[in-house]
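In: Quick one, what's the 3D model for this:
(chains A and B)
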Amino acid sequence: MSSLTSSLSIASQALQAQELEIQVTNNNIANVNTAGYTRETVNLSEADPSQDGSVSVGNGVDIQGVQSVRDDLLTLRIQQQTSAQSSATAQVNALTQIESLFPTTGTSLSSTLSSFFSSVSALSADPSNTADRDTAIQNAQAVVGQFNSISSGLTGPSSALDTTVTTDVAQVNQLSSQAAGLNLELVQQQAAGQNTGTIGDQLSEVETQLANLTNIAVTHTSQGDSIVTGSGTPLVLGTQSYSLQTATGTDGHQHVLDSSGNDITSSITSGDLGGTLQVRDTQIPAILDSLDTLANQFATAFNAAQTQGYDQNGNAGTALFTIPSTVSGSAAGIALATTDPTAIAASSDGSSGSNGNVANLTAVQNATLASGSVTTQSANLVYQVGDLTSNATAQATAIGQSLTTLNNQQGSISGVSIDQESANLIQYQQAYEAAAKVVSTIQSLYETTINMIVTS
Amino acid sequence: MRFNPNINAAVINDIQQSEQNVQTAFQQVSSGQRVNSASDDPAAAAADTQLQAEAATVDQYSTNAESVLSQAQTADGTLTSVVSLLNQAITQGTEGANGTNSATDRDSLAEDVQGILSSVVGLANTTYQGVSLFGGTSNGTAAFVADPTSSTGYTYTGNSGINNISVGESLTVQANIPGSTLFTNPSANVLGALSGLVTALKTGTSADIGTATAAVTTALNYVSQQHTVYGNTINQLNSQETYLSQETVTLTSRESSLVGIDPATAAENLSQAETANSSVLAAAAKVIQTSLLNYLQ
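Out: Down below sits the predicted model:
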């Protein structure tokens, strides 16, 4: 049965709906620059019609609630790409430092090796020249210095990366517990039938930060978001968060353990943590291994050539370099056995003016050693380091571009547009004014009716 | 379709990208190098490392060649003097063999030849940078020392060692001829022949003097022959030096084509990058200056 009263209630409902629209618009505008904010819209629907005899009359508007406009699938893609980007960036940062150890111009390992062999070759013109011998020994010292400093330049970042692992894990734990707390709020708000948009935004922001640190997989459940890292190690399950730990492993580096103490280091493949571990556990050891091999094979071959000749005093040549017994650690451990310039075994017959063994000594430079000649190996090292750095850089750039696209896509769905909100505001203002007009019309109708009663 | 209303992030990304391009172009202009670190082009950087090592080796071959060359030239000059001294000795010998000479004449000729002998020994003791040129590899300062017990009056103190010097990938040249080969070779003993001539002039008959003079001639021929060894070495070194300097040019040009960038290209890249950068910045300045609000009054 339609009546003025029901019309008034429809009008007041309309006013409420427009007020809510204006409030949500206001909130959208207020958060236009808030990171991670997802624009909200009011969900309105027609109220069930009321039956007036054979006539069915609309019954105004129903407020269903406020909804955040977001695409979960896109969010997941963004989280994955964020992980990959952080990983690549971490690698670029670490590798750029390492790359500077292998400069393409100026003093480098390969230029020092060349200088050393040149100065040994210079002895062939005048094997007993003291100045030439001094130069050769100084250059040998420079070679040793290069091996030592590059080796420590490689192990230095390696221990700095350990610190990164520890701080990253601490951040992961903090974010996990935040996520668990947000899950609790989410569940409570859902139970109370409240708008979960804000909590959802915060949760998704925390998840993106987590993705920055490590590879995560997020599943939406009735208990909030479940977050796992690595190959299924839980970080957050419902309202419960699980802390990762770090411990020094047998290799002397920081390892990542799950809450039960299992080593999950190798399953962390992405994010800042993944990138850091990748550099620390794969890339640096590979470069160091090449460097150690070069140091070992160079020193062994040169020492062997030394023993084929005689030093300036006519004594049988002895090793010029001392190296550790194992290949590993050779670059760090290589040293000069003697700094006596007369020790260079230039002579082939014991006479001090003979240069017969110089050819054997210089032949080491281009002789085929087990892993290629000294020159080839040092060139390969440059390639190895350059390739790793340029790959990481290329990867970071490519992911950066795809991330920009994804973010654009997300912005086109979830971003607040001032223009749109302004236009909506006009629309809501007019709707509000119209509803208010209805109220005042009904009021005047009431007055007419009441006056009818009073005057009769 | 709705589009992303907040394009700031994308714009900033573009600006950064474009500024990095400017930086790269600028670095290429200022360094003249396309490859400034290994990651710019790993393969080229590695190849460049090898070229640098090769160039250093070539430089060293060049230095070696230069130092052997001056040593060989000194030895060559010395042997020229020895040859002319031996010719003098032969002249004296031939004159001494003439039967008309008195004993006094022969004695004075013997004195002359004795003088030639000491001059030859003096030449044989020539040093190069403080080390005897003809002392083999013994590294002494004098190859021959006076020794009254020896038939020639001198003893060789050097050894028979020979030094070969690498002046190319597979080219070595002999840097010295030991004094024992040059001056006291059993088959053509220079010092022996000269002291023989002295003895013959002092005490021998004309026939003895003739024989002794013939021995000096043999020695002369031998020394001349050895002289050409040095001549060949010098020629070889000269042509090798030319080759090495060409090789250096080749290596340098290979290096610059590998990692260098020509200034014109670099300058063009830079101006392109700068233009692109100004466009990006100008575009960014225009971004979202107005909104619907500007028109709603």
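
In: And the strands in the chain?
Out: No chain was given, so I picked chain A. For chain A, the strands defined by DSSP state E occupy A:40-46, A:50-52, A:55-57, A:61-68, A:216-221, A:224-229, A:233-237, A:240-241, A:245-248, A:254-257, A:321-322, A:335-336.

In: oops, chain B please
Out: Using DSSP E, strands in chain B cover B:127-128, B:131-132, B:144-146, B:154-156, B:164-168, B:171-174, B:184-185, B:188-189.

In: nearest to chain A, of these?
Out: Proximity to chain A (C-beta to the nearest C-beta) singles out strand B:164-168 among the strands of chain B, at 4.7 Å. For the C-beta atoms, the positions are set from N, CA and C on the backbone; glycine is no exception.

In: Could you spell out the sheet neighbours of that closest one, each with its direction?
Out: Strand B:164-168 pairs in its sheet with strand B:171-174 (antiparallel), by DSSP bridges.

In: Smallest gap between chain A and chain B, at which residue?
Out: Of all residues in chain A, the one sitting closest to chain B is residue A:386 (2.8 Å; C-beta to the nearest C-beta).

In: quick one on the thing from earlier: tabulate the strands of chain B (TSV), appending mean neighbour count and mean pLDDT.
Out: Output for the strands of chain B, formatted as TSV (neighbours: other C-beta atoms under 10 Å in any protein chain shown; pLDDT from 0 to 100):
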stretch	mean neighbour count	mean pLDDT
strand B:127-128	17	86
strand B:131-132	22	84
strand B:144-146	17	87
strand B:154-156	21	87
strand B:164-168	22	88
strand B:171-174	17	87
strand B:184-185	20	85
strand B:188-189	21	86
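
In: Show me the residue sitting in the middle of the chain in space.
Out: Since no chain was named, I'll use chain A. residue A:86 (1.6 Å; C-alpha atoms, centre = their mean).

In: actually chain B
Out: Chain B has residue B:65 as the residue nearest its centroid, 1.9 Å off, counting by C-alpha atoms, centre = their mean.

In: quick one: contacts for that one?
Out: By C-beta atoms under 8 Å, 6 or more residues apart in numbering or on different chains, residue B:65 lies in contact with B:165, B:167, B:237, B:240, B:241, B:244.

In: Skipping adjacent residues, who's closest to it in space?
Out: residue B:167 (4.2 Å; C-beta to C-beta, 6 or more residues apart in numbering or on different chains).

In: Would you confirm that the one you found contacts residue B:64?
Out: Yes - the pair residue B:167 / residue B:64 is scored as a contact, 5.3 Å apart, by C-beta atoms under 8 Å.

In: hang on, the earlier thing: same list (the strands of chain B) but as TSV, adding distance to residue A:249.
Out: Shown next, in TSV, are the strands of chain B (distance: least, C-beta to C-beta, whole Å):
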stretch	distance to residue A:249
strand B:127-128	63
strand B:131-132	60
strand B:144-146	72
strand B:154-156	71
strand B:164-168	50
strand B:171-174	55
strand B:184-185	74
strand B:188-189	78
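
In: Quick one: low-confidence residue ranges for the stretch 201-350 of chain A.
Out: For the stretch 201-350 of chain A, no stretch is flagged by pLDDT under 70.

In: and it, which residues reach chain B?
Out: Selection of the stretch 201-350 of chain A residues close to chain B by C-beta under 8 Å from any C-beta of the partner chain yields A:347, A:349.

In: one more time with 6 Å
Out: Applying C-beta under 6 Å from any C-beta of the partner chain, we find that the stretch 201-350 of chain A lies next to chain B at residue A:349.

In: got the residue ranges for the helices in the stretch 201-350 of chain A?
Out: Under the criterion DSSP state H, counting those that start in this stretch, helices of the stretch 201-350 of chain A are mapped to A:271-278, A:284-307, A:330-333.

In: cool, and the stretch 51-200 of chain B?
Out: Going by DSSP H, counting those that start in this stretch, the stretch 51-200 of chain B shows helices at B:103-124, B:179-182, B:190-203.

In: send the alpha carbons of the second one over as PDB?
Out: Read it as helix B:179-182. Output of helix B:179-182 as PDB, limited to C-alpha atoms (Å, rounded to 0.1, in the frame of the first residue of the first chain):
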ATOM      1  CA  GLY B 179     134.800 -15.600 -27.500                       C
ATOM      2  CA  SER B 180     135.900 -19.200 -27.500                       C
ATOM      3  CA  THR B 181     134.100 -19.700 -30.900                       C
ATOM      4  CA  LEU B 182     135.100 -16.400 -32.300                       C
END
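
In: quick one: that helix near chain A?
Out: No - using C-beta under 6 Å from any C-beta, helix B:179-182 stays clear of chain A, coming no nearer than 12.5 Å.

In: So which residues on the stretch 101-250 of chain B come close to chain A?
Out: Residues of the stretch 101-250 of chain B lying near chain A (C-beta under 6 Å from any C-beta): B:137, B:138, B:139, B:159, B:161, B:163, B:165.

In: Identify the residues contacting the spatially closest residue to the first one that is not a sequence neighbour.
Out: Right, residue B:137. Using C-beta to C-beta, 6+ apart and skipping the chain neighbours, the partner closest in space to residue B:137 is residue B:161 (3.1 Å). Contact partners of residue B:161, counting by C-beta atoms under 6 Å, 6 or more residues apart in numbering or on different chains, are A:349, A:351, A:354, B:136, B:137.

In: Kindly report the same for residue B:46.
Out: Residue B:46 makes contact with A:379, A:382, A:383 under the criterion C-beta under 6 Å, 6+ apart.

In: Could you report the neighbour count for residue 260?
Out: All of this refers to chain A. Look at residue A:260: counted by other C-beta atoms under 10 Å in any protein chain shown, it has 8 neighbours.

In: wrong one, chain B
Out: Around residue B:260 sit 19 other residues, with neighbours defined as other C-beta under 10 Å.

In: What of residue B:27?
Out: 16.

In: and the closest residue to residue B:236 other than its chain neighbours, what is it in contact with?
Out: Spatial nearest neighbour of residue B:236, excluding adjacent residues (C-beta to C-beta, 6+ apart): residue B:173 at 5.7 Å. Counting by C-beta under 6 Å, 6+ apart, residue B:173 touches B:165, B:167, B:233, B:236.
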